[in-house]
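Trainee: From the sequence below, what's the structure:
(2 chains, ligands or ions: 4)
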Amino acid sequence: MLDGDPDARFLGGGTNLVDLMKTGVERPARLVDVRELPLNRVESAPDGGLRIGATVTNSDLAAHPEVRRRYPVLAQAVLAGASGQLRNMATVGGNLLQRTRCGYFTDVDSPCNKRVPGSGCPALTGEHHNHAILGASGHCVATHPSDMGVALTALDARVSYETADGPGELPIADLYLPVGETPHRETALPQGALITAVTLPPAPTAANSRYRKVRERASYAFAIGSVAAALDLRDGVVHDVRLAFGAVASRPWRAFAAERVLTGAPAGADTFAAAADAELTAARPLPRNGYKVTLMRNLVVAVLSELAEEAAR
Amino acid sequence: MASSTSSDLTLSVNGEKYTLTVDHRTTLLDALRERLDLTGTKKGCDQGQCGACTVLVDGRRSVACLQLAVAAEGHEITTVEGVADGDRLHPVQQAFLDLDGFQCGYCTPGQICSAVAVIEEHAAGWPSAATADLRPEAGPPPLTPEEIRERMSGNLCRCGAYVSIVQAVARAAEANGAAAWGSSATTAPMTSPARSRCSTATRTPASWAAARTWST
Ligand SMILES: Cc1cc2nc3c(=O)[nH]c(=O)nc-3n(C[C@H](O)[C@H](O)[C@H](O)COP(=O)(O)OP(=O)(O)OC[C@H]3O[C@@H](n4cnc5c(N)ncnc54)[C@H](O)[C@@H]3O)c2cc1C
Ligand code: SF4
Ligand code: FES
Ligand code: FES
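Mentor: Numbering: from 1, shown residues only, chains lettered A, B, ... in the order given. Ligands and ions are numbered 1, 2, ... in the order given. Model prediction:
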């Protein structure tokens, strides 16, 4: 639909793209409005999961009865983001592809490897208190700002897309590319791909799930750290668990190492702390964001403890 | 494919049709204020952060500063100039007046449009981040001050008139029957009445090739 034009962009709710067009970070030659496409349904998937159209608004997603009933972590994550006005405008596809809030990225007068490859990364020595502690590189330490994406990552969502050559699908774990030396290349989507849907597999574990976000004011602010978790206990032992972190990496971060420690272990604060530590040993904080390591550790223990309590009820 | 970077379009605002030529990058906010002289809608941050520019698009609150005017064509826009019923103030407006829901008044048009939608969203059963039990079976939560604060958090007020804003929204919601929602929970409609009132479906293109495209 973009006719191979690298300067064309899909326009969803515009809440990120229009903002970036105003500052000159984005200078599309052409806009293709996706909000009028017939992609605004939430439907049951053949495997019993849920297929969410790419233009479903964040508001409709969070209000959907099946999402609230079967995937509460997703409804909570969406409701934790932005404001009522923005959620009415923002789409699922646009939310996944929103750009980082790194201040150097949004300031066109500043160098930034993500915006101008090879120009440098002033955040390394500059303002980085809300930058990445996991999976970053010396080329970029920006975080992905989405709350919704963290829940979708915990839920093993699959992202469907369409290109001129036909349809394709990616597990969300493979949607975002490692930072490495190419922070300007953010996703594994083919050039010009239109995201058409996000599919959630059935996840009985998600019935006991929650999203917890820490931010610098009570509401309406981006996370400085967040956790999406789902927990299934059998006789006090962790039968199944899903854990993902937000605001700590260039993408929503699935905590596989923590999940391995948890699975089969007795539920309890010690296990939860050991799991958090297993994930966070990989953390490489910057001089002024080391607080995030402690914050994430505490958050993991708190959220898993709450879920364990719920499960015991 | 049109290569011009401007278009003629028709905007439907407060029930009236306006035809104008706009650059494709023009926001709805600038079109309303500078082209249609509807200056009730305010510009605060111009970045989606303050809510001063809140308008209703097909009954849903949106920030006009991040909406392109061209993308608003075909949708019904309501600004603060259009929420009253002729000379009769909207219950939200009346409550803001009665309870001093403002000081300088700059954020007020956005607060009022937002509050009108908050009351409808709550009546439609939408949860918020302050809602403890998200299950649809639990029904809409009582519209407590905490719920109102969370739902109105997209509207900042530099004068800090929040206490009376929350009271005004609570009173207007009560007038709309919100007090009953806690009890008759499960009968509440689960989709937004706002969206169902308009006929977006009829304009959904059958084929993807029909997506609207603008050169910028
Ligand atoms: C003040 C403010 C506060 C915010 N706070 C939060 C917060 O706390 N948490 C949070 O998670 N988010 C927050 N956001 C970000 C917001 O959630 C995103 O801007 C929004 O989700 C993007 O969706 P959109 O539909 O508006 O995307 P757009 O702005 O329309 O598009 C974003 C990008 O996605 C591309 N795109 C859109 N749709 C598709 C598609 N179907 N296929 C392929 N590409 C597509 C566009 O080309 C563009 O590159 C905030 C935003 C603002 C302005
Ligand atoms: S952290 Fe990434 S986005 Fe921020 S300045 Fe460095 S390269 Fe740019
Ligand atoms: S002017 Fe639109 S949100 Fe501030
Ligand atoms: S009344 Fe002055 S900004 Fe709200």
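Trainee: Longest helix of the chain, counting residues only.
Mentor: Because you didn't say which chain, this covers chain A. Longest helix in chain A by number of residues (criterion: DSSP state H): helix A:291-312.
Trainee: That was the other one, I meant chain B.
Mentor: helix B:108-123.
Trainee: Sort out which residues of the longest helix of chain A are buried, please.
Mentor: Neighbour-count burial for helix A:291-312, with 16 or more other Cβ atoms under 10 Å in any protein chain shown as criterion, is recorded at A:292-293, A:295-297, A:299-301, A:303-304, A:307-308, A:311. Where you see a C-beta, it was placed from the backbone N, CA and C, and this is true even at glycine.
Trainee: And stretch A:6-26, by the same measure?
Mentor: Residues of stretch A:6-26 classed as buried under the neighbour-count rule (16+ other Cβ under 10 Å) are A:8-21, A:25-26.
Trainee: go on, stretch A:88-108?
Mentor: Of all the residues in stretch A:88-108, those buried under the rule 16+ other Cβ under 10 Å are A:88-100, A:102-106.
Trainee: ok so, going back, which among the buried residues of helix A:291-312 gets closest to ligand 2?
Mentor: Using Cβ to the nearest ligand atom, A:K292 comes nearest to ligand 2 of those, at 14.6 Å.
Trainee: what's that closest one in contact with, if anything?
Mentor: Shown in contact with A:K292 (Cβ atoms under 8 Å, 6 or more residues apart in numbering or on different chains): A:133, A:224-225, A:247-248, A:283, A:285.
Trainee: and chain B, what are its domains?
Mentor: Domain assignment for chain B by automatic domain parsing gives B:6-82, B:91-196.
Trainee: Any figure for the gap between B:E16 and ligand 4?
Mentor: According to Cβ to the nearest ligand atom, to the nearest Å, B:E16 stands 28 Å off from ligand 4.
Trainee: Double-check A:D7 against A:E26; I have them as touching.
Mentor: No: A:D7 lies out of contact with A:E26 (Cβ atoms under 8 Å); the separation is 9.8 Å.
Trainee: can you list the residues of chain B near ligand 1?
Mentor: Of all the residues in chain B, those in contact range of ligand 1 (Cβ under 6 Å from any ligand atom) are B:48-49.
Trainee: Ranking helices and strands of chain B by mean pLDDT, which lands last?
Mentor: helix B:193-197 (a mean of 36; mean pLDDT, DSSP states H and E).
Trainee: counting contacts, what elements does the helix or strand following that helix pack onto?
Mentor: Going down the chain from helix B:193-197, the next helix or strand is strand B:213-215, by DSSP states H and E. With contacts defined as 3 or more Cβ pairs under 8 Å, 6 or more residues apart in numbering or on different chains; DSSP states H and E, strand B:213-215 has these neighbours: strand A:30-33.
Trainee: Kindly state the beta-bridge partners for the residue most central in space within chain B.
Mentor: With the centre of chain B defined as its mean C-alpha position, the nearest residue by Cα atoms, centre = their mean is B:R61, 2.0 Å away. With DSSP bridges as the criterion, B:R61 is bridged to B:L56.
Trainee: okay but it is in contact with B:A115, surely?
Mentor: No: with contact defined as Cβ under 8 Å, B:R61 does not count as touching B:A115 (9.0 Å).
Trainee: re earlier: tell me the mean pLDDT for the longest helix of chain A?
Mentor: For helix A:291-312, the mean pLDDT works out to 97.
Trainee: again, but for stretch B:143-161
Mentor: When pLDDT is averaged over stretch B:143-161, the result is 97.
Trainee: quick one: is that stretch near ligand 3?
Mentor: No: between stretch B:143-161 and ligand 3, judged by Cβ under 6 Å from any ligand atom, nothing touches; the nearest distance is 7.8 Å.
Trainee: which other helices and strands contact the strand ranked longest in chain A?
Mentor: Scanning chain A for the strand with the most residues, using DSSP state E, yields strand A:223-234. On a contact count with 3+ Cβ pairs under 8 Å, 6+ apart, strand A:223-234 meets helix A:72-79, helix A:148-154, strand A:209-215, strand A:237-246, helix A:291-312.
Trainee: Just the buried residues of it, please?
Mentor: Residues A:223-233 are the ones in strand A:223-234 that count as buried (16+ other Cβ under 10 Å).
Trainee: Just put those residues in TSV and tack on distance to A:A77.
Mentor: Output for the buried residues of strand A:223-234, formatted as TSV (distance: Cβ to Cβ, whole Å):
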residue	distance to A:A77
A:A223	10
A:I224	15
A:G225	13
A:S226	8
A:V227	10
A:A228	6
A:A229	11
A:A230	12
A:L231	16
A:D232	19
A:L233	22
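Trainee: Just name the closest of these to ligand 2, please.
Mentor: The shortest gap between ligand 2 and any of the buried residues of strand A:223-234 belongs to A:I224, at 15.4 Å (Cβ to the nearest ligand atom).
Trainee: got the contact list for the closest one?
Mentor: A:129-130, A:214-216, A:247, A:292, A:295 are the contacts of A:I224 under Cβ under 8 Å, 6+ apart.
Trainee: Please spell out the PyMOL selection for the buried subset of the residues you listed.
Mentor: Remark: buried members of those, expressed as a PyMOL selection using 16+ other Cβ under 10 Å:
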select buried, chain A and resi 130+214+215+247+292+295
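Trainee: and chain B, which residues reach ligand 3?
Mentor: Residues of chain B found near ligand 3 (Cβ under 6 Å from any ligand atom) are B:43-46, B:48-53, B:63, B:65.
Trainee: Most neighbours among those, please name it.
Mentor: B:V63 (36 neighbours; other Cβ atoms under 10 Å in any protein chain shown).
Trainee: need the residues of chain A near ligand 1, please.
Mentor: Residues of chain A found near ligand 1 (Cβ under 6 Å from any ligand atom) are A:9-17, A:19, A:34, A:54, A:81-82, A:86, A:89-91, A:93-95, A:97-98, A:145-148, A:194-195, A:222.
Trainee: for chain A, what spans make up the strands?
Mentor: Applying DSSP E to chain A gives strands spanning A:8-11, A:30-33, A:42-44, A:50-53, A:158-163, A:166-171, A:194-200, A:209-215, A:223-234, A:237-246, A:253-254.
Trainee: Other residues contacting the fifth one?
Mentor: If I follow you right, that is strand A:158-163. If you take Cβ under 8 Å, 6+ apart as the criterion, strand A:158-163 is touched by A:96, A:167-172, A:175, A:189-190, A:192-199, A:201, B:208.
Trainee: Give me the buried subset of these.
Mentor: By 16+ other Cβ under 10 Å, the contacts of strand A:158-163 give A:96, A:170, A:172, A:175, A:189, A:192-199, B:208 as buried.
Trainee: right, and the pair among those residues with maximum separation?
Mentor: Distance extremes for the buried ones among the contacts of strand A:158-163: the farthest pair is A:I172 and B:W208 at 23.3 Å, using Cβ to Cβ.
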